[in-house]
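Participant: Sequence and computational prediction follow.
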Amino acid sequence: MSRIRGKDTKPEHRLRRALWAAGLRYRKHARTRAGRPDIVFPGPRVAVFVDGCFWHGCPDHYVRPRTRAGFWAEKLRANTARDRRQTLELESADWLVMRVWECELHEQHDVDAVVTDVRRAVRDGVRSPAARWVVVRVESDANDHEARHEELLRDPSSHRCVHRVRQTRKRKRQD
Ligand SMILES: [Zn+2]
């Protein structure tokens, strides 16, 4: 949590390098009507965001901080709301938006799979994956039992609740 979200986080670097190696030419943080996506293909209008698991509510890796609970809850709410707004705004302007979790970029074979998805987006206009759940709110009791409320990124009316004990397991990294 001490890590500040920077413009060039490592998983993002890894993806850029792999895209470049695959012959896919992108622009970095190019301006669009809905902000500056991490990776932009202006011609085919494809925008790729690399989202940190903590900041953007990854269902597998979001960890609820125990201190300053109100602050962090609001932070998560605001971030996920912005992700949704940004995504829908771009899509309504005929952009194809891909949002990739950082945890999908730790292993090389996962990076390769994302590169394949980006290529399909750029060449064929196919978006994948189709659906994406995000954690928008977490309720907890004194024993760290959590009710994790999740919504589909593109559908505010969707909802599911996942019950589990607070986990802080670190993601596996290759470096
Ligand atoms: Zn994750």
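Facilitator: That came through, no problem. Just so you know, these numbers come straight off a predicted model, no measurement behind them. Numbering: from 1, shown residues only.
Participant: Please make it C-alpha for all contacts and neighbour counts, starting now.
Facilitator: OK.
Participant: so what's residue 72 closest to, chain neighbours aside?
Facilitator: Using CA to CA, 6 or more residues apart in numbering and skipping the chain neighbours, the partner closest in space to residue 72 is residue 65 (7.0 Å).
Participant: I'd assumed that neighbour was in a helix, is it?
Facilitator: No. Assessed by DSSP: H, G, I helix; E, B strand; the rest coil, residue 65 does not belong to a helix; its assignment is coil.
Participant: What's the local residue count around it?
Facilitator: As a burial measure, residue 65 scores 15 neighbours (other CA atoms under 10 Å).
Participant: separation between it and residue 167?
Facilitator: 11 Å (CA to CA, to the nearest Å).
Participant: Spell out which parts of the protein neighbour the ion.
Facilitator: Taking CA under 5 Å from the ion as the measure of proximity, the chain contacts the ion at 53, 58, 61, 103.
Participant: and the helix or strand encompassing residue 74, what does it pack onto?
Facilitator: Taking DSSP states H and E as the criterion, residue 74 maps to helix 69-92. When contacts are defined as 3 or more CA pairs under 8 Å, 6 or more residues apart in numbering; DSSP states H and E, helix 69-92 packs onto helix 53-56, strand 96-101, strand 133-140.
Participant: same thing but 7 Å
Facilitator: helix 53-56, strand 133-140 (3 or more CA pairs under 7 Å, 6 or more residues apart in numbering; DSSP states H and E).
Participant: Need the ones you listed in a markdown table (columns: mean pLDDT and mean neighbour count).
Facilitator: Output for the helices and strands packed on helix 69-92, formatted as a markdown table (pLDDT from 0 to 100; neighbours: other CA atoms under 10 Å):
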| stretch | mean pLDDT | mean neighbour count |
| --- | --- | --- |
| helix 53-56 | 96 | 21 |
| strand 133-140 | 96 | 20 |
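Participant: Distance to residue 126 added to these, as TSV?
Facilitator: What follows is those, written out as TSV (distance: least, CA to CA, whole Å):
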stretch	distance to residue 126
helix 53-56	23
strand 133-140	19
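Participant: how about the ones you listed, which one is nearest residue 14?
Facilitator: Closest to residue 14 of those is helix 53-56 (CA to CA; 16.1 Å).
Participant: What is the closest one packed up against?
Facilitator: Short answer (3+ CA pairs under 7 Å, 6+ apart): helix 53-56 packs on helix 69-92.
Participant: tell me the mean pLDDT for the longest strand along the chain?
Facilitator: Longest strand in the chain by number of residues, with DSSP state E as the criterion: strand 155-165. Regarding strand 155-165, the rounded mean pLDDT is 94.
Participant: Equivalent analysis for stretch 78-93, please.
Facilitator: On average, the pLDDT along stretch 78-93 is 96.
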